[in-house]
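Asker: Take this sequence and fold it.
(one chain, ligands or ions: 3)
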Amino acid sequence: MTKSVIQPLETLRLAQYAVPIPCFVCGTDNMFDAEFCTHCSAPLALAHQADNKKVHPRLIAMVGPSAAGKTVYLGMLMDMLSRRPERMQMLARGAFSITLQQTTLAALARCAFPPKTPSEPERWNWVHCQMRRAGKRQTVEMIMPDMAGEALLEEVDHPHTYHLIRCFLEKCTGAMVLIDSIKLREGAREQDFFTMKLLSYLSELTSNDKAGWRKRPIALVLTKADQCRECMNDPAGYARTHAAGLWQHCQERFGRHKFFASGVAGTCAYRESMTEGRVQVPLRIEPHGVIEPFEWLLSELERSGKKS
Ligand SMILES: Nc1nc2c(ncn2[C@@H]2O[C@H](COP(=O)(O)OP(=O)(O)OP(=O)(O)O)[C@@H](O)[C@H]2O)c(=O)[nH]1
Ligand SMILES: [Mg+2]
Ligand SMILES: [Zn+2]
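Answerer: Numbering: from 1, shown residues only. Ligands and ions are numbered 1, 2, ... in the order given. Take a look at the predicted model:
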């Protein structure tokens, strides 16, 4: 004998699929329960979060060649900001915004640097936070992904390879460009070439000159200054000497730029690894100049906010 059961159809659930969720970065409509955008692979958690708020978050790009120090810098910056409310108050929005800080600090605590960022956008860490500078009432919402240097280079060399990078950079209000100061001193020209290519890519992204990258603030950060003390005192002079092409490019094309130097490690040593070869390990963590470039960018964004 077959037992009859009542099976609810729950057709109401289908109604949820009728309301699309537009991707926060590229605007493509997605299913309400999708994790990543089908067009650009940006996490849809950003769209859900932005949907709940009246404030429109600003997109900030953290760019630079592979191994320039983007992951270490951004992870350390988030950690410093979350622990120093007297200078700047930072509130992370969404649990995913804490992952980058957590993985970077966990690696540094084990006397290691975090692993290289994978090229697949679905595996990038994103930070969505609310910032308030000391003594100011105004808050700024920001979204920053930790992109992979290799993916950036691929998109710059072959535009439209990474929809996410292109759409994101088009919409950004400011950028931090990270450059390896040690490689510059050693005379490795790829840092200079990559950064010039990237800046040319940015200046050609938007057809509207008034709202284009020439008018947006760009902080150029010379990283690993802990191993290159000479760039600490005069970052712009250092860039002029060791990355003349880049320096000239900035003078001519970008009205709102400033050079900075930053270092996260104190003393570093090398260890031989069976799988990776010679690996640099930080013995101490002594951050220098980490907050300054970000603070400058924030004040520039506040200035543009007041003008518009
Ligand atoms: N001495 C020193 N070395 C650093 C510092 N930051 C990064 N490094 C070194 O640079 C390497 C790369 O740093 P990452 O932050 O992973 O570089 P990235 O720009 O994120 O690279 P991709 O993920 O490939 O784009 C690290 O493994 C360290 O060896 C720093 O502040 N000081
Ligand atoms: Mg990285
Ligand atoms: Zn998208």
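
Asker: Which strand or helix spans the residue of the stretch 101-250 of the chain found nearest ligand 3?
Answerer: In the stretch 101-250 of the chain, the residue that lies nearest ligand 3 is C167 (6.4 Å; C-beta to the ion). In short, each C-beta sits where N, CA and C put it, glycine included. In the assignment (DSSP states H and E), C167 maps to helix 163-171.

Asker: touching ligand 1 at all, that helix?
Answerer: No - Helix 163-171 stays clear of ligand 1 (C-beta under 6 Å from any ligand atom), getting no nearer than 12.1 Å.

Asker: Touching that helix from outside, list them.
Answerer: By C-beta atoms under 8 Å, 6 or more residues apart in numbering, the residues outside helix 163-171 that reach it are 25-26, 37, 39-42, 59, 61, 63, 121, 145, 147, 151-152, 155, 159-160, 175, 201-202, 205-206.

Asker: In helices, which of these fall?
Answerer: Mapping the contacts of helix 163-171 onto helices (DSSP state H) picks out A151, L152, E155, Y201, L202, L205.

Asker: Poorly predicted segments of the stretch 51-200 of the chain, please.
Answerer: Scanning the stretch 51-200 of the chain for pLDDT under 70 picks out 51-54.

Asker: Quick check: residues of it near ligand 2?
Answerer: Contacts of the stretch 51-200 of the chain with ligand 2, taken as C-beta under 5 Å from the ion, map to K70, T71, T117.

Asker: what do you get if the cut-off is 8 Å, keeping everything else the same?
Answerer: Proximity of the stretch 51-200 of the chain to ligand 2, by C-beta under 8 Å from the ion, involves residues S66, A67, K70, T71, V72, P114, K116, T117, D146, M147, A148, G149.

Asker: which residues of the stretch 151-300 of the chain fall in helices?
Answerer: Here the stretch 151-300 of the chain has its helices, by DSSP state H, counting those that start in this stretch, at 163-171, 181-185, 190-205, 230-233, 235-242, 244-253, 291-307.

Asker: do you know which of those lies nearest R271?
Answerer: Comparing those by their distance to R271 (C-beta to C-beta), the top pick is helix 181-185, with 18.1 Å.

Asker: Thank you, goodbye.
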